[in-house]
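[1] 3D model of this:
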Amino acid sequence: MATTEKVRKLAALARIRVEDAELEKFIREFDAILAYVETVSTVKMSSPESVEEEKPLLRNVMRADGEPHTTGVYTEKIVEQFPAKDGNALSVKQIL
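    Numbers count the residues shown, from 1 in each chain. Reported below is the predicted structural model:
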């Protein structure tokens, strides 16, 4: 069962200001939520054996390390299309 101290502690952890007038409302809501969670946690799920047999095997898909393309292949094309540049470097507005 929720108490005013527990509600205040949860509010402090969540950095929420709870007025004294709202405490009773929150206590009732927390009790309802906790009762629902307890109901859900008591549900027992069973699955047919056929479903377990059809589960796909888990595996990681990895690619070999390496360069996807030769370095600098697209540099000239990108620099040509960029409005502000300094040599092969692209000039942008300062953000900070």
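[2] what are the ranges of the strands in this structure?
    Here the chain has its strands, by DSSP state E, at 85-86, 89-90.
[3] Tell me which of the ones you listed sits nearest to residue 10.
    Nearest of those to residue 10, taken as Cβ to Cβ: strand 89-90 at 49.5 Å. To be clear about C-beta, it is placed using only N, CA and C from the backbone, and glycine gets the same treatment.
[4] Residue 85 and residue 76 touch, don't they?
    No. Under the criterion of Cβ atoms under 8 Å, residue 85 is not in contact with residue 76, lying 11.0 Å apart.
[5] any idea which residue sits dead centre in the chain?
    residue 14 (17.8 Å; Cα atoms, centre = their mean).
[6] per-residue pLDDT, that residue?
    Listed pLDDT for residue 14 reads 92.
[7] and the gap between it and residue 26?
    Residue 14 is 11 Å from residue 26, where distance means Cβ to Cβ, to the nearest Å.
[8] returning to what we had before: of all the strands of the chain, which lies closest to residue 65?
    Closest to residue 65 of the strands of the chain is strand 89-90 (Cβ to Cβ; 27.3 Å).
[9] now do the same end-to-end measure for stretch 18-25.
    Its start and end residues considered, stretch 18-25 measures 10 Å (Cα to Cα, to the nearest Å).
[10] Could you list the residues in contact with it?
    4, 7, 8, 11, 26 (Cβ atoms under 8 Å, 6 or more residues apart in numbering).
[11] where are the low-confidence patches of this structure?
    Along the chain, the parts satisfying pLDDT under 70 run over 47-55.
[12] what about the longest helix in it?
    In the chain, with assignment by DSSP state H, the single longest helix is helix 23-41.
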